[in-house]
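Asker: coords please:
(one chain, ligands or ions: 2)
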Amino acid sequence: MVRLKVDHVSKIFTDRPGETQVVLDDVNFEVRNGEFVSLLGPSGCGKTTLLTMMGGFQDCTDGAILLDGVAINGPSPERGYVFQNYALFPWMTVEKNVAYALKFMDIPEEEKKARVNNALEMAHLTEHRKKFPIQLSGGMQQRCAVARALVSRPKVLLLDEPLGAVDFQMRELMQNELERMVREANITVVMVTHDVSESVFFSDRVIVFGREKGRIVGDIKIDLPRTRDRSSKEYEGYVFQLTNLLREAFKGAVVK
Ligand SMILES: Nc1ncnc2c1ncn2[C@@H]1O[C@H](COP(=O)(O)OP(=O)(O)OP(=O)(O)O)[C@@H](O)[C@H]1O
Ligand SMILES: [Mg+2]
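Answerer: Ligands and ions are numbered 1, 2, ... in the order given. Model (predicted):
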């Protein structure tokens, strides 16, 4: 079943009257229910723009993004979003950060409490629930941001470089944790990343964008069992293949 459909999507920014920039031009792809899809591509190619449109934070200039066949227009608890660098509220404790995602949902207080407890449990943050973000490690902050995105039980989870600002060793640990949470939540995910290995580690499919206007230069299925072994030959093969695609994308050439 198709969960998300990016249907002839274009995005044009007009900074000043008469000055327009076509960031995405007629982009098309689908994400199936339960799939983990990564978006990979050169800086500035429009990945975040596309993800924010899936989040409903900005509109498509042309075309539409459909969730279960219904055009997205505006943010909704149906779509959990993790912003780059986690973006937690610094003045709220861990549990308040997570609970915030339920604030505007019409469900009973008891149910809200149960969901927050469950999300904290899943993120292994129960004992840190009264702490403020500044008191947490990078890994805990990231898990808190994911817990906040999952607590509303969304249909899709949208991640914009969720591990962007993390050093190499920490990154692998956090990838393992994020993978565990996503598997437990059994959810459809679209993730923007710069990191080729990360895209292979997580994804069922990796979509590679070229430098211009959101042109898709590769749509690669990653056919490896989970949890993935980063040191296996097959894993390295995918990293090699995607790195080559990206290299061509940087040049602006199309590779089939
Ligand atoms: N609100 C906006 N107004 C005008 N131009 C914008 C706006 N948002 C993004 N852009 C432009 O759109 C292009 C794509 O930006 P976007 O942030 O989507 O790229 P990206 O692929 O996520 O890049 P990165 O990998 O560096 O995060 C850039 O040229 C950017 O300057
Ligand atoms: Mg971006």
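Asker: In the chain, which residue is most central in space?
Answerer: Computing the C-alpha centroid of the chain and ranking residues by C-alpha atoms, centre = their mean puts residue 159 first, at 2.0 Å.
Asker: Go ahead and report the secondary structure state at that one.
Answerer: Going by DSSP: H, G, I helix; E, B strand; the rest coil, the secondary structure assigned to residue 159 is strand.
Asker: right, and it touches residue 191 too?
Answerer: Yes. Checked against C-beta atoms under 8 Å, the pair residue 159 and residue 191 is within contact range at 4.1 Å. Every residue, glycine included, has its C-beta placed from N, CA and C.
Asker: any residues touching the helix or strand of the chain with the lowest mean pLDDT, and which ones?
Answerer: Within the chain, confidence by mean pLDDT, DSSP states H and E is lowest for helix 168-185 among all helices and strands, at a mean of 86. The contact list for helix 168-185, computed with C-beta atoms under 8 Å, 6 or more residues apart in numbering, reads 36, 122-124, 138-139, 142-143, 146-147, 150, 157, 162-163, 166, 189, 195, 198, 201-202, 226-227, 230.
Asker: Mark which of the residues you listed are buried, thanks.
Answerer: Of all the contacts of helix 168-185 considered here, the ones buried according to neighbour count by 16 or more other C-beta atoms under 10 Å are 36, 122-123, 138-139, 142-143, 146-147, 150, 157, 162-163, 166, 189, 195, 198, 201-202.
Asker: give me the low-pLDDT residue ranges for this structure?
Answerer: Using pLDDT under 70 as the threshold, the predicted model of the chain has low-confidence ranges 165, 252-256.
Asker: switch to 50 and redo it
Answerer: In the predicted model of the chain, residues 253, 255-256 satisfy pLDDT under 50.
Asker: what residues does it put near ligand 1?
Answerer: By the criterion of C-beta under 6 Å from any ligand atom, the positions of the chain lying close to ligand 1 are 13, 15, 21, 23, 41, 43-49.
Asker: Buried members of these into ChimeraX, please.
Answerer: A single ChimeraX command is used to select the members of these judged buried by 16+ other C-beta under 10 Å:
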select :23,41,45,46,47,48,49
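Asker: In helices only, show me the residues of the chain next to ligand 1.
Answerer: 47-49 (DSSP state H).
Asker: Format those as JSON lines; extra columns: distance to residue 114.
Answerer: Shown next, in JSON lines, are these (distance: C-beta to C-beta, whole Å):
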{"residue": "47", "distance to residue 114": "35"}
{"residue": "48", "distance to residue 114": "34"}
{"residue": "49", "distance to residue 114": "36"}
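Asker: got the residue ranges for the helices in this structure?
Answerer: 47-55, 94-100, 109-122, 138-150, 168-185, 196-202, 233-251.
Asker: Residue 152 is in contact with residue 105, correct?
Answerer: Yes. The pair residue 105 and residue 152 qualifies as a contact (C-beta under 8 Å) at a distance of 6.3 Å.
Asker: higher neighbour count, these two?
Answerer: When residue 105 is set against residue 152 and neighbours are counted by other C-beta atoms under 10 Å, the residue ahead is residue 152, at 20 against 13.
Asker: which residues does the residue nearest to that one when sequence neighbours are not counted contact?
Answerer: Nearest residue to residue 152, sequence neighbours excluded (C-beta to C-beta, 6 or more residues apart in numbering): residue 77, at 3.7 Å. Listed by C-beta under 8 Å, 6+ apart, the contact set of residue 77 reads 101-102, 104-105, 152-154.
Asker: Repeat the analysis, applying 7 Å as the threshold.
Answerer: Each residue near residue 77 by C-beta atoms under 7 Å, 6 or more residues apart in numbering is listed here: 105, 152, 154.
Asker: would you turn the residues you listed into CSV with distance to residue 63?
Answerer: Output for these, formatted as CSV (distance: C-beta to C-beta, whole Å):
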residue, distance to residue 63
105, 29
152, 26
154, 23
